[in-house]
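1. quick one: sequence plus predicted model below, questions after.
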Amino acid sequence: MRFTLKQLEVFTSIARHENVSRAADELALSQSAASGALAELERHYGVQLFDRAGKRLRLNDLGHALLPPAMELLDRAHELDALLRHNHIVGPLAIGATLTIGNYLAPIIVSDYLQAHPGARVRLEVANTSAIVEQVAHFGLDLGLIEGHFHHPDLESLPWGGDSLECFVAPDHPLAGSAVPATADMLATQPWIVRESGSGTRQAFDRAFASLGLRPNILLELEHTEAIKRAVESGLGIGCVSALALREAFRRGSLVKLETPDLSLRRQFHIALHRQKYRSAGLTAFLSLCQAQLDAGLLVRPTRIP
């Protein structure tokens, strides 16, 4: 065997970042050490794994074929290392989650996971749907917890319950406390503060209006749920975010729920997994805890994970 695990670590990191310098930073190596490890791997086998364009390196056909088994081998090596070091077989996990899940659901699962596996290491990255999907597709994350739908040829999409979006206003808004529910036509003309394009929340919001042939009046797009809530509290317009993020504000009375019977705002959550990803012991255990949240009734429309 002519390769080392360090060479495979360098190869997979460069494949994710398409840049030697960023891969070196991730692995705490000098740039020359990272370049040397890749060059030695290619020289040993007389192959080239990347197409080079300036400082950017993109996997060629052979590199693409090598990446999944290299990732699996490294995952198995991490399991072996964990077994020898700590007497357990759970290696490190990198979990991605979209904003609502990342703020309100994923921390609970991560906490349960760490309690069940003392000494395990978990990295939780929170971003919008498109960013999480891209990272899972490039093996930068072991799995993604996604609000809404996504399509990627290299990824599996496992249904994972769901939630509902709620529309809300400030207590002194003209629509607050109205005895008559607002119609979709009326709502479309109001100023809205919503999530940015590419997020699962925005996807569900746009779909609700598009299904009625309406285009809402978007005043402001923000990347964070709390920022949307603050903007609505200040009287800028109507907001729409997950019900999970509004329970406390509704209880305090700082925000008021709008009844919107014309809008279909239920949405499905999904788990994104690479089709060629090795199901390590840690990944399997984490998926079981995701299922446990469904079984506990913390999510609507539970669907068993294969």
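-> Everything's here; your move.
2. what sits against the closest residue to G177 other than its chain neighbours?
-> Spatially, and ignoring its direct neighbours in sequence, G177 is nearest to V256 (6.8 Å; CB to CB, 6 or more residues apart in numbering). C-beta: built from backbone N, CA, C; applies to glycine. Neighbouring residues of V256 by CB atoms under 8 Å, 6 or more residues apart in numbering: 168-171, 173, 176-177, 250.
3. if we use 7 Å, what do you get?
-> 168-169, 171, 176-177 (CB atoms under 7 Å, 6 or more residues apart in numbering).
4. for L105, same thing?
-> By CB under 7 Å, 6+ apart, L105 lies in contact with Q293.
5. looking at it now. What's its pLDDT?
-> L105 is assigned 90 on the pLDDT scale.
6. what about it, distance to A137?
-> According to CB to CB, to the nearest Å, L105 and A137 sit 22 Å apart.
7. equivalent analysis for T201, please.
-> Using CB to CB, T201 is found at 21 Å from A137.
8. how about R58?
-> R58 is 14 Å from A137, where distance means CB to CB.
9. if we can go back for a sec, bridging residues for the residue nearest to G177?
-> Beta-bridge pairing for V256 (DSSP bridges): V169.
10. which one is L187 nearest to, not counting chain neighbours?
-> Closest residue to L187 apart from its sequence neighbours, by CB to CB, 6+ apart: T260 at 6.5 Å.
11. repeat that for P181.
-> Distances taken as CB to CB, 6+ apart place E259 nearest to P181, at 4.2 Å, with adjacent residues excluded.
12. wait, the one you found touches T183, no?
-> No: using CB atoms under 7 Å as the test, E259 is too far from T183 to be in contact (10.8 Å).
13. for this structure, what spans make up the strands?
-> Along the chain, the stretches classed as strands by DSSP state E are 50-53, 56-59, 93-97, 122-126, 143-147, 155-169, 191-195, 217-222, 238-242, 256-258, 266-274.
14. confidence-wise, which of the ones you listed is weakest overall?
-> Ranked on mean pLDDT, the bottom entry among the strands of the chain is strand 50-53, at a mean of 87.
15. give me the buried positions along that strand.
-> By 16 or more other CB atoms under 10 Å, the buried positions in strand 50-53 come out as F50.
16. which strands or helices does the lowest-mean-pLDDT helix or strand in the chain pack on?
-> In the chain, the helix or strand scored least confidently by mean pLDDT, DSSP states H and E is helix 61-86, which has a mean of 85. If you count contacts as 3 or more CB pairs under 7 Å, 6 or more residues apart in numbering; DSSP states H and E, helix 61-86 packs onto helix 5-17.
17. hang on, the earlier thing: top of the contacts of V256 by number of neighbours, please.
-> With neighbours taken as other CB atoms under 10 Å, the top of the contacts of V256 is F168, carrying 27 neighbours.
18. return the residues in contact with that residue.
-> 232, 239, 246, 255-258.
19. scan these and report the most crowded one.
-> Neighbour count (other CB under 10 Å) singles out G239 as the most crowded of those, with 29 neighbours.
20. how close does it get to I193?
-> Applying CB to CB, the value for G239 to I193 is 5 Å.
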